[in-house]
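Trainee: 3D, please:
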Amino acid sequence: MLRAIEWIVLGTGSAAAIVYGVRRHRPARTGPWLLLAGAIVASAAGDVLTALGRPDVANVCFYVMFVLVACGLLQLTRAGAILVDRARLIDLLAFACSTLLVIWVSVVGDAGWMGDISGAYVIGALLLLAVVVRLLVAVGRNPSAVLLVVGATGVLVGDIVQPLWPGRLSETGFVVLYLAWGAAALHPSMVRLTEPAEPRPSPWLGRWAALLGISVATPPVVLLIEALNGRVGDGVVIAAAGAITLLLTITRLTDSVTLNGHALRRERGLRQASAALVAASDTAAVDEAVRAAIAELMPPDAIRSTVFAADDSRVPLEAAPGAGTGPPHRSWWIEDADPDYATLVCPLWLEPLAVARPSGGALILTGRRDTLTATRDTLEVLAGQAALALDRICLVEAVGRRDSDLYLRAVIRNSADIMAVIDEDQRIRYATPSLRGLLGADLPPLATLDDLVHPDDRKRLREAFRGSGDGVVFCSLVRADGSPVPVEATYRDLRDDRLVQGFVVTMRDFPQGHEPDEQLRHGDLDELPAGANRRSSRHKYRY
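Mentor: So this is what the prediction gives:
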């Protein structure tokens, strides 16, 4: 009775430690750890029943324990966990289970020195150890994974040693299981085992499918051979191995069907998004198409917010890894206060077309980390398609403005009016030929309005263009020979116009012998260009 109480204390303490560790560290998925806690409870119940002299019922508890452990490990190795490619692992486990079954039936089962060792327990413990070792290899130096390996090793040693030499010392392996797995859940590194990672589906290969088929067919073949020989002496072992291989096969097929469904859903969503983005004629239509695609690709409760920024003003560039060095990253993460949530930034940068749309931009999504991780590649493709749509719109608008400029240039080629189109940064995009005749030289490439205006008038001109709306400003242009030319510049703010996107400036120079102050009846000398003020003063006082 005292031994039964000891097993109750160990099992309850280990399960309580796992539950406490889950509540404290809050891993990305709690299901695997809760299944391990249930396995601990089932194992403790089996040990208690064994201590009370009920081995038949205890065996049922131990079988339940292995089933719960298998389900928990399958959850740990599910797509999106740290072990992202578990297809090969499942195939190898099924083959190992069938191989161990054959070895046990043909070699070990008939050996008298093996005593009462259960082949089902040994096979299950070996498979358990293989999975946790593979998990440790995938995650690296992780204390929680090491403790899981220690616990699985204790189970294997206990299943082999305890039937051969019954006693308290031989049961130490099961004590190690309870202590190690409880400590594994209490260590903070347990969060790493359920962190989502980008899925990498394995391509279908015929040899792996054949290996899985052989593994599934092995237990029935072994059972048939024993039945034909007249005696089925390893029925429990064959049943356990058949159940394990069947569970692994069902899991493998379920993974394949799930991945195929996800791929079809992504393909359909991206195809619909591509059609909508091709038909988009402005930024608002691109934004609407991107949001519709996200609603199609992702669960509605997985996304907190979606921001489609067409320029870099709303993009957190400081969080970009390696900003300013090498090619830009396709996406990066921004951590959230809640470990279950994160922000994914997919920039709208395409290097070959950066000249067409240098403003950049990004698709910014805040939601569940596991969902964003699983769809990261799809979101990067969607952001690239949105960037292509924006670049196409910008290029179409640029071609339209160029054609408009060519049409305007052809119409007013011989006009005496001076007109120019100025970008927001005061760069001259277009100017009539009469401006060249006024200045006496061609405009330099990428010239700005500051390059043509007298230095004394540049500040007033910048202040005028810094605001919004239409207006008139007086300034002096500088000819090629350095002489100033006072002009009256009337400008219109057409930055919001889709085709113009700038200021349209109409200039009128003053005829020789007519000062600006003579033509403006109520004008103030302070409003005139500095050169005109000086000439007016010289004319007035005859300097």
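Trainee: all strands for the stretch 351-500 of the chain, in order.
Mentor: Listed in chain order, the strands found in the stretch 351-500 of the chain under DSSP state E, counting those that start in this stretch are 362-368, 418-422, 428-431, 471-478, 484-494.
Trainee: Turn those strands into JSON lines, including mean neighbour count and mean pLDDT.
Mentor: Using the backbone N, CA and C atoms, a C-beta is placed for each residue, glycine as well. Output for the strands of the stretch 351-500 of the chain, formatted as JSON lines (neighbours: other CB atoms under 10 Å; pLDDT from 0 to 100):
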{"stretch": "strand 362-368", "mean neighbour count": "23", "mean pLDDT": "88"}
{"stretch": "strand 418-422", "mean neighbour count": "20", "mean pLDDT": "84"}
{"stretch": "strand 428-431", "mean neighbour count": "18", "mean pLDDT": "83"}
{"stretch": "strand 471-478", "mean neighbour count": "19", "mean pLDDT": "87"}
{"stretch": "strand 484-494", "mean neighbour count": "19", "mean pLDDT": "87"}
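Trainee: Now tabulate those strands in a markdown table and tack on distance to residue 243.
Mentor: Listed next are those as a markdown table, based on distance: least, CB to CB, whole Å:
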| stretch | distance to residue 243 |
| --- | --- |
| strand 362-368 | 34 |
| strand 418-422 | 78 |
| strand 428-431 | 76 |
| strand 471-478 | 85 |
| strand 484-494 | 76 |
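Trainee: which one of those strands lies closest to residue 403?
Mentor: Residue 403 lies closest to strand 428-431 among those, at 11.9 Å (CB to CB).
Trainee: ok, and what's touching the closest one?
Mentor: Residues outside strand 428-431 that contact it (CB atoms under 8 Å, 6 or more residues apart in numbering): 401, 405, 408-409, 418-423, 443, 447-449, 452, 502.
Trainee: where does the stretch 201-350 of the chain dip in pLDDT?
Mentor: For the stretch 201-350 of the chain, the stretches flagged by pLDDT under 70 are 201-205, 312-328, 350.
Trainee: All the helices of it, residue numbers only.
Mentor: 206-228, 235-279, 283-297 (DSSP state H, counting those that start in this stretch).
Trainee: who's in contact with the nearest residue to residue 235 once chain neighbours are set aside?
Mentor: In space, and not counting its chain neighbours, residue 235 is closest to residue 223: 7.6 Å by CB to CB, 6 or more residues apart in numbering. Counting by CB under 8 Å, 6+ apart, residue 223 makes contact with 232, 235, 238, 242.
Trainee: ok, those residues vs residue 13, which is closest?
Mentor: Distances from residue 13 to these, taken by CB to CB, are shortest for residue 242, at 35.0 Å.
Trainee: per-residue confidence for residue 405?
Mentor: On pLDDT, residue 405 comes in at 68.
Trainee: same deal with residue 113?
Mentor: Note on residue 113: pLDDT of 45.
Trainee: do the same with the one 4 residues further on
Mentor: Reading off the confidence values, residue 117 has pLDDT 72.
Trainee: One more: residue 515?
Mentor: pLDDT, read off for residue 515, is 49.
Trainee: Residue 528 now?
Mentor: Note on residue 528: pLDDT of 52.
Trainee: same thing with residue 374?
Mentor: With respect to pLDDT, residue 374 scores 79.
Trainee: quick revisit: any figure for the gap between the residue nearest to residue 235 and residue 104?
Mentor: 13 Å (CB to CB, to the nearest Å).
Trainee: Quickly list what's touching both of these two.
Mentor: Counting by CB under 8 Å, 6+ apart, nothing touches both residue 223 and residue 104.
Trainee: ok so, going back, save the contacts of residue 223 as TSV, and put in neighbour count and distance to residue 493 too.
Mentor: Below are the contacts of residue 223 laid out as TSV (neighbours: other CB atoms under 10 Å; distance: CB to CB, whole Å):
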residue	neighbour count	distance to residue 493
232	15	93
235	11	90
238	23	86
242	19	80
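Trainee: and which of those is nearest residue 348?
Mentor: When the contacts of residue 223 are compared against residue 348 (criterion: CB to CB), the nearest one is residue 242, at 54.0 Å.
Trainee: In this structure that closest one contacts residue 221, no?
Mentor: No: counting by CB atoms under 8 Å, residue 242 stays clear of residue 221, with 10.5 Å between them.
Trainee: quick one: low-confidence parts of the stretch 51-200 of the chain?
Mentor: Checking the stretch 51-200 of the chain against pLDDT under 70 turns up 77-86, 107-116, 119-120, 196-200.
Trainee: which stretches of it form helices?
Mentor: Using DSSP H, counting those that start in this stretch, helices in the stretch 51-200 of the chain cover 55-76, 87-103, 119-139, 143-164, 172-186.
Trainee: returning to what we had before: for the helices of the stretch 201-350 of the chain, which one sits closest to residue 157?
Mentor: helix 235-279 (19.3 Å).
Trainee: Distance from that closest one to the middle of the chain?
Mentor: Centroid separation between helix 235-279 and its chain, computed with CA atoms, centre = their mean, to the nearest Å, is 21 Å.
Trainee: That one relative to helix 87-103, how many degrees between them?
Mentor: Here helix 235-279 runs at an angle of 170 degrees relative to helix 87-103 (axes from the mean of the first three to the mean of the last three CA atoms, to 10 degrees).
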